[in-house]
Structure formats: structure tokens, C-alpha cells
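J.: What follows is a predicted protein model with its sequence.
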Amino acid sequence: MQWERVISELEADLDAEERRELAGEVADRTRRELARLRLVDRLRAAVGDAVTVGVRGTEPVNGRLIRVGPDWLLLDPVTQAAELLVPTGAITWLGGLPGQAVDPVAVPVVDQRLGLGSVLRAVARDRRVVQVRLRDGGEIGGVVARVGADYIDVADGPRAGGQRCVPFTAIAAVRMT
């Protein structure tokens, strides 16, 4: 009987040790997985969902998340008729994101490469009129005349000569009118 008790206690101790090791390994793997995820991976998991976005220079925006690029998101605001293109660098906080994320490996190459500059170049190509909301709270309206690596030139109108150069880092949101 004594041997049986000693062996049972030993088995229980080994079982407990295995469970602790497994729990530690799972926690460590979870931390490693989370460490490789970026904000856009969490945002991609929320496409189609209602979110709230805190944006520098403006009130928080509630809306449905339409698309996500490597450095931007497209939001259909509840209170505005036009969609907003928001650089991720202008985001101060987010509400309504799910706990999960899209695995970065599963993101198509096109979606990984379609940066803010690419989207703004398409707007410039089409000579679309925009309202650029700035991070300091100001706004600039006009046509995106030119897009550089880290700036846009906004002209007062399709044929106007007056332009303002706006660094990407100053943009809070862009709305097509």
C-alpha cells in the first residue's frame, strides 16, 4: 500500500509539472504570435464591422471598415455621406476591433503593396476633388495634382495654379467630394 501511494504521488507530481510546462509553452507561443502582428492585421480582421476611430485633429469617427492597406484604412462613416481614407499614422485609438487578427502571411501581395501613395496617385490620375483633413484640425480642399513619395500637392481647382504641398504625416483623413 505504501508503495502504491508513493507511486501515485509521484505520478501526480509529474502530471502537474507537465501541465505547467505546457501552459508556459502555450503562453510563450501566444506572446511570440502576438509580437509579429501589426495594427493592420487586427484591422483586416474587422473589415465589414462597425468601428470607432480616434483621429488626430478631429472628432472620433464611427463607421464601417471597408478596406485596409499597409498604412491606411477606408471607413464609411455613419454621420457623413462620403467615405474617409485615414492614414494609420493619424490614428490615436480604435474601438470595436475583434480580438483576432488576419495572419500576415495570408494577405495577398497586392494588398501588402497598395500603400497610401498608390491610392492617392489613383485619385490624382482621376482628377478627383478632395477635402484633406489635417492633423492640426485644418482642412484643404481641391484636386490632388501630384503625389510624391511622402507628400501630395493639392491644387485649388482642376485648372487653378495655386497649390499646397501636404506631407503624408500631416494628413488626418481624405474625403472625396
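T.: Everything's here; your move.
J.: all contacts plus neighbour counts: C-alpha atoms, from now on.
T.: Fine.
J.: Let me see the contact set for Val132.
T.: For Val132, the contact set (CA atoms under 8 Å, 6 or more residues apart in numbering) comprises 139-141, 171-175.
J.: Report the central residue of this structure.
T.: The structure's the chain has its C-alpha centroid closest to Val40; by CA atoms, centre = their mean the separation is 3.7 Å.
J.: And the furthest pair within the contacts of Val132?
T.: Within the contacts of Val132, Gly141 and Ala172 form the most distant pair, 13.5 Å apart (CA to CA).
J.: between the two, which one's more packed in?
T.: Ala172 (26 against 19; other CA atoms under 10 Å).
J.: pLDDT value on the more buried one, please?
T.: Ala172 carries a pLDDT score of 97 in this model.
J.: same thing with the one 3 residues further on?
T.: We have a pLDDT of 96 for Arg175.
J.: is it in a bridge, and if so with what?
T.: Beta-bridge partners for Arg175, by DSSP bridges, are Leu84, Gln131.
J.: Surely it is in contact with Leu134?
T.: No. The pair Arg175 / Leu134 is not scored as a contact, 11.5 Å apart, by CA atoms under 8 Å.
J.: Could you export the contacts of Val132 as a markdown table, including distance to Ala122 and secondary structure?
T.: Conversion of the contacts of Val132 to a markdown table gives the following (distance: CA to CA, whole Å; DSSP: H, G, I helix; E, B strand; the rest coil):
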| residue | distance to Ala122 | secondary structure |
| --- | --- | --- |
| Glu139 | 21 | strand |
| Ile140 | 19 | strand |
| Gly141 | 17 | strand |
| Ile171 | 17 | strand |
| Ala172 | 19 | strand |
| Ala173 | 16 | strand |
| Val174 | 13 | strand |
| Arg175 | 14 | strand |
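J.: As CSV, those with distance to Leu114 would be great.
T.: Output for the contacts of Val132, formatted as CSV (distance: CA to CA, whole Å):
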residue, distance to Leu114
Glu139, 25
Ile140, 24
Gly141, 24
Ile171, 18
Ala172, 18
Ala173, 17
Val174, 16
Arg175, 18
